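Enquirer: one predicted model, sequence on top.
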Amino acid sequence: MTTPSQTVGPYLSIGLSWDEGPFVVPADASGAVWLRGEIRDGNGDLVPDALVETWQADPDGRFHTHGFRGFGRCGTDDEGKWAICTRKPGPVDGQAPHIAVSVFARGLLDRVITRVYFADEAPANAADKVLESIPEARRHTLLAAPDGDGYRFDIRLQGDDETVFFTF
Amino acid sequence: MTSPHPPLLSPGYKSTVLRAPLQAPILLPGSLSELTGPALGEGPVASGDADLTLDGKGGEAQGQRIIVHGQVRDAAGRPVRDQLVEVWQANAAGRYLHKWDRHDAPLDPHFTGVGRALTDDEGRYRFVTVKPGAYPWGNHPNAWRPAHIHFSLFGRAFTQRLVTQMYFPDDPLFAFDPIYHSVPEFARDRLVAGFDLGATIDSWALGFRFDIVLSGDSATPWETK
């Protein structure tokens, strides 16, 4: 009797915006990095009414550790951009460091789920079972590239270079 | 079991056409990243957040006052305790407090349409609000959304996250709404609150009950969906 999902609609920011949402850690915390990206649709157009949520382990690969919320949330702005300030996670369960991501938007009747991996973790990524299960030509859509004060992770909902999305 | 969730590509709802991913999703084996989830607790909830009718400055929202309450459970029937429930909605005239909402209906200076609550030890939540109005949305000629309240829930695991919409009983707009119809027919009534005389307060507010069941549970989230 699971309750069905419905879209967040265009006015999601009314209910889901928090000032502190993007700050998994404060910007001046030790080891803080910005994870930034933009979201595009099947036409390549930017999506200004989406929301990204992140869930992750701490740098030691542990969840629910004291003082580390592990959760981030940021709506896209008028240019389809989002940014979350966090720490890079450690390896979890023998997997390469990664961040679990939900994307919500007008036009998405259910969230879509993806993962951020880190392009500068090549040896760990090469041994990761989830990445291995993805056709090689699509793996790059899950790799965040080092960029300025952190990493860049763009999301393509549909079309060429569509981001890999997961189901449970 | 057949999924109760709507297919992402539901062309009657036009915005899905360019936003629904077209590649098949890849099955993710369970790991700690999915078996755990944020425990947000009281942090985001302030006193008064569960009463949307009072603006905190002595003003009161216009409209039919209602009480919306219910229980949040996992697929095994266990209450989901101490969980953040977030809601947002249009005002009684069918207008959202949002820069993109251009519907020619009045804003209410005493209504923001945002609410937050934590579930109690039995997984119960309760909001006081006003009944939202229906509004036009341009998806097709003469398109009107049935009155609804947006709900957001986390559950105990990343797998349980749910955002949905609660509808009101016997809305004549159901028949014409592609978002409501995107849900498989067998599961649509799960989105419709029941009128609840027991929760109705004499001479003050009508009661509605909306129970929510999250997929899976934090112990074995893979067995049901």
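Expert: It's in.
Enquirer: run through who's touching the lowest-mean-pLDDT helix or strand in chain B.
Expert: Of the helices and strands making up chain B, the lowest-confidence element is helix B:32-35, at a mean of 93, by mean pLDDT, DSSP states H and E. The contact list for helix B:32-35 (Cβ atoms under 8 Å, 6 or more residues apart in numbering or on different chains) reads A:55-57, A:63, A:92-93, A:95, A:98, A:100, A:115, A:168, B:28, B:157-159, B:218, B:221. C-beta coordinates here come from the backbone N, C-alpha and C atoms, glycine included.
Enquirer: I'd like to know how far the most centrally placed residue in chain A sits from residue A:26.
Expert: Taking Cα atoms, centre = their mean, the centroid of chain A lies closest to residue A:101, which sits 3.8 Å from it. Separation of residue A:101 from residue A:26 (Cβ to Cβ, to the nearest Å): 21 Å.
Enquirer: who touches residue 134 in this structure?
Expert: Just going to use chain A. Neighbours of residue A:134 in contact, by Cβ under 8 Å, 6+ apart: A:142, A:164, B:26.
Enquirer: let's do chain B instead
Expert: B:94, B:144, B:145, B:146, B:147, B:171, B:173.
Enquirer: tell me the pLDDT at the spatially closest residue to the last one that is not a sequence neighbour?
Expert: In space, not counting the residues next to it along the chain, residue B:173 is nearest to residue B:146; the distance is 3.9 Å by Cβ to Cβ, 6 or more residues apart in numbering or on different chains. According to the predicted model, the pLDDT of residue B:146 comes to 98.
Enquirer: residues in contact with residue B:146?
Expert: Counting by Cβ under 8 Å, 6+ apart, the residues that residue B:146 touches are B:134, B:167, B:168, B:171, B:173, B:174, B:177, B:180.
Enquirer: residue B:14 now?
Expert: By Cβ under 8 Å, 6+ apart, the neighbours of residue B:14 are B:139, B:140.
Enquirer: one more: residue A:98?
Expert: A:56, A:89, A:92, A:115, A:116, A:117, A:118, A:128, A:130, B:33.
Enquirer: show me which of those residues are buried.
Expert: Using 16 or more other Cβ atoms under 10 Å in any protein chain shown as the burial test, the contacts of residue A:98 include A:56, A:89, A:92, A:115, A:116, A:117, A:118, A:128, A:130, B:33 as buried.
Enquirer: how about those residues in JSON lines, adding distance to residue B:99?
Expert: Below are the buried ones among the contacts of residue A:98 laid out as JSON lines (distance: Cβ to Cβ, whole Å):
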{"residue": "A:56", "distance to residue B:99": "32"}
{"residue": "A:89", "distance to residue B:99": "35"}
{"residue": "A:92", "distance to residue B:99": "40"}
{"residue": "A:115", "distance to residue B:99": "33"}
{"residue": "A:116", "distance to residue B:99": "30"}
{"residue": "A:117", "distance to residue B:99": "35"}
{"residue": "A:118", "distance to residue B:99": "36"}
{"residue": "A:128", "distance to residue B:99": "42"}
{"residue": "A:130", "distance to residue B:99": "39"}
{"residue": "B:33", "distance to residue B:99": "35"}
